[in-house]
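# generate a structure from the sequence data that follows.
(2 chains)
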Amino acid sequence: MSKFSKKKSGELPPVSTASLPDIVFMLLFFFMTVTVMKDSSLKVQNVLPNANEIKKLEKKDRVIYIYVGKPTQEFQKVFGTEPKIQLNDKFADPSAVGDYILAERAKKSQELQNVLTTSLKVDKNANMGLISDIKQELRKVNALKVNYTTYDGDAFNNLQ
Amino acid sequence: MGKRTNIQRVNAGSMADIAFLLLIFFLVTTSIETDVGIDRMLPKLEKNPVIADVFERNILRVLIDDHGQLLVDDVLIELTDLRQKAIAFLDNGGFAYNHPAYCGYCKGERNPNSSDAPSKAIISLSNNRETKYGAYISVQNELLRAYGYLRNREAQRLYQKDYATLESEYKDPTITIEEAEHLKSKIKNIKELFPLKFTESETK
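Sure thing, here's the model as predicted:
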């Protein structure tokens, strides 16, 4: 009898957590390799339109971003509710786009300077007038390759 | 020698916490998505713009107004009909059978009042300052789909493959140089059959 009671009194051994750091490190490395750092925080509302004739925007180092949209709630008191252009972390006028592109282009290495793409991240409720001004500025500095960045989806949803 | 066995081991229990901290930091500061979008080339800024000498029948004028309504050659149409309209226009092939630039692969109506050949057909897109960007992107998308449809049709006819498949095969880094050259010439060939002649006038 004593044989059996002895076995029952022994408690379950605790689960070893020695391999937990390894698992977490694995997760960490996974996220480090598949993600990219956010470079600037958005100050404008940025709901992109949908499209399906799309190409992937590869190689982040060859892309210059321009954001357009209504200022977000906290900036609306100062900047109003009309759509604005955001370059890096600042609001800017259309006339500043050319200088911005030239400055960004100068930062890139020599061999990349001719293959840069300008990614226009524009809120779908922005007016085309502002976009036309930006395009005109881009043409002035000869930054002709643009990418209208969109979500992958049905383009007919844009009109609602 | 006995002393060695008495050395205390560093406690690794908090390693997991440190790693979790790092993991959460990376989760917060990074974004996983890759961007996609419509690739377009802007026209070069010419000092003295040339007035192009093009027949009116070779131009499809698309206007988007302030409310996102579409006027195609001065007729109000729905966005859903735009693609068919563009395909019909590009694929018309209005040149007579004995004309040197006769479009043999066109399957359109051969209407003499519409475009002469795909190489002549121009789509002109214009918009107002108050047009919504969403509407503009929808129209761009539909027009590009019209070109995509026609290019696909020709790629299927000539090479039994989708145009998009040809392009993705060309981008595949594992193909040999000869294959790449081969695909490049195929893609170029299809592009010449239906060249992207798509202009945007300056906003009034």
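# could you point out which element follows the helix or strand bottoming out on mean pLDDT in chain A?
Within chain A, no helix or strand scores below helix A:2-9, which has a mean of 55 by mean pLDDT, DSSP states H and E. With elements assigned by DSSP states H and E, the helix or strand that comes after helix A:2-9 is helix A:20-34.
# show the average pLDDT along the helix or strand where residue A:133 lies.
Taking DSSP H and E as the definition, residue A:133 sits inside helix A:128-140. Averaging pLDDT along helix A:128-140 yields 89.
# mind listing what's buried in that helix?
Buried residues in helix A:128-140, counted by 16 or more other C-beta atoms under 10 Å in any protein chain shown: A:128, A:129, A:130, A:131, A:132, A:133, A:134, A:135, A:136, A:137, A:138, A:139. All C-beta atoms are positioned from the backbone trio N, CA, C, and that covers glycine.
# which strands or helices does that helix pack on?
strand A:63-69, helix A:97-107, strand A:117-122, helix B:133-159 (3 or more C-beta pairs under 8 Å, 6 or more residues apart in numbering or on different chains; DSSP states H and E).
# now it and strand A:63-69, what's the angle there?
Relative orientation of helix A:128-140 versus strand A:63-69 (axes from the mean of the first three to the mean of the last three C-alpha atoms, to 10 degrees): 160 degrees.
# can you give me how far helix A:128-140 is from the chain middle?
Offset of helix A:128-140 from its chain centre (C-alpha atoms, centre = their mean, to the nearest Å): 22 Å.
# and what of stretch A:129-143?
For stretch A:129-143 - counting by C-alpha atoms, centre = their mean - the centre lies 22 Å from the chain centre.
# next structured bit after the least confident helix or strand in chain B by mean pLDDT?
Lowest on mean pLDDT, DSSP H and E among the helices and strands of chain B sits strand B:30-31, with a mean of 72. Using DSSP H and E, the helix or strand that follows strand B:30-31 in sequence is strand B:36-41.
# that next one packs against which elements?
Judged by 3+ C-beta pairs under 8 Å, 6+ apart, strand B:36-41 is in contact with strand A:55-56, strand A:117-122, strand A:145-152, helix B:133-159.
# how far off strand A:63-69 does the last one point, in degrees?
This points to helix B:133-159. Using the same axes, to 10 degrees: helix B:133-159 against strand A:63-69 is 140 degrees.
# does helix B:133-159 reach chain A?
Yes: using C-beta under 8 Å from any C-beta of the partner chain, helix B:133-159 reaches chain A at B:133, B:134, B:135, B:136, B:137, B:138, B:140, B:141, B:142, B:144, B:145, B:148.
# helices along chain B, start to end?
B:15-29, B:79-90, B:133-159, B:163-171, B:177-193 (DSSP state H).
# got any ranges where the chain has weak pLDDT?
Going with chain A. Applying pLDDT under 70 to chain A picks out residues A:1-10, A:37-40, A:160.
# chain B was what I was after
Low-confidence segments of chain B (pLDDT under 70): B:1-5, B:31-34, B:202-204.
# returning to what we had before: got the residues of helix B:133-159 next to chain A as TSV, with neighbour count and distance to residue A:11 columns?
Below are the residues of helix B:133-159 next to chain A laid out as TSV (neighbours: other C-beta atoms under 10 Å in any protein chain shown; distance: C-beta to C-beta, whole Å):
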residue	neighbour count	distance to residue A:11
B:133	25	66
B:134	25	64
B:135	24	69
B:136	25	70
B:137	23	65
B:138	26	67
B:140	23	69
B:141	27	65
B:142	24	70
B:144	22	68
B:145	19	68
B:148	18	68
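# quick one: which of those residues is nearest residue B:124?
Looking at those and their distance to residue B:124, the nearest is residue B:140, at 13.0 Å (C-beta to C-beta).
# tell me the most buried of the helices and strands packed on strand B:36-41?
Of all those, strand A:117-122 has the most neighbours on average by mean count of other C-beta atoms under 10 Å in any protein chain shown, namely a mean of 23.
# got a list of what residue 113 touches?
As the question left the chain open, I've gone with chain A. residue A:105 (C-beta atoms under 8 Å, 6 or more residues apart in numbering or on different chains).
# to clarify, I was referring to chain B.
Applying C-beta under 8 Å, 6+ apart, we find residue B:113 in contact with B:57, B:94.
# follow-up on the earlier one: how about the helices and strands packed on strand B:36-41 in TSV, adding distance to residue A:46?
Below are the helices and strands packed on strand B:36-41 laid out as TSV (distance: least, C-beta to C-beta, whole Å):
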stretch	distance to residue A:46
strand A:55-56	19
strand A:117-122	6
strand A:145-152	10
helix B:133-159	11
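# so which of those is nearest residue A:62?
Smallest distance to residue A:62 across the helices and strands packed on strand B:36-41 (C-beta to C-beta): 6.0 Å, for strand A:117-122.
# does chain B sit close to the closest one?
Yes: using C-beta under 8 Å from any C-beta, strand A:117-122 reaches chain B at A:117, A:119, A:120, A:122.
# endpoint to endpoint, stretch A:58-74 covers what distance?
With C-alpha to C-alpha, to the nearest Å as the measure, the ends of stretch A:58-74 fall 33 Å from one another.
# give the buried residues for that stretch.
A:63, A:64, A:65, A:66, A:67, A:68, A:69, A:70, A:71.
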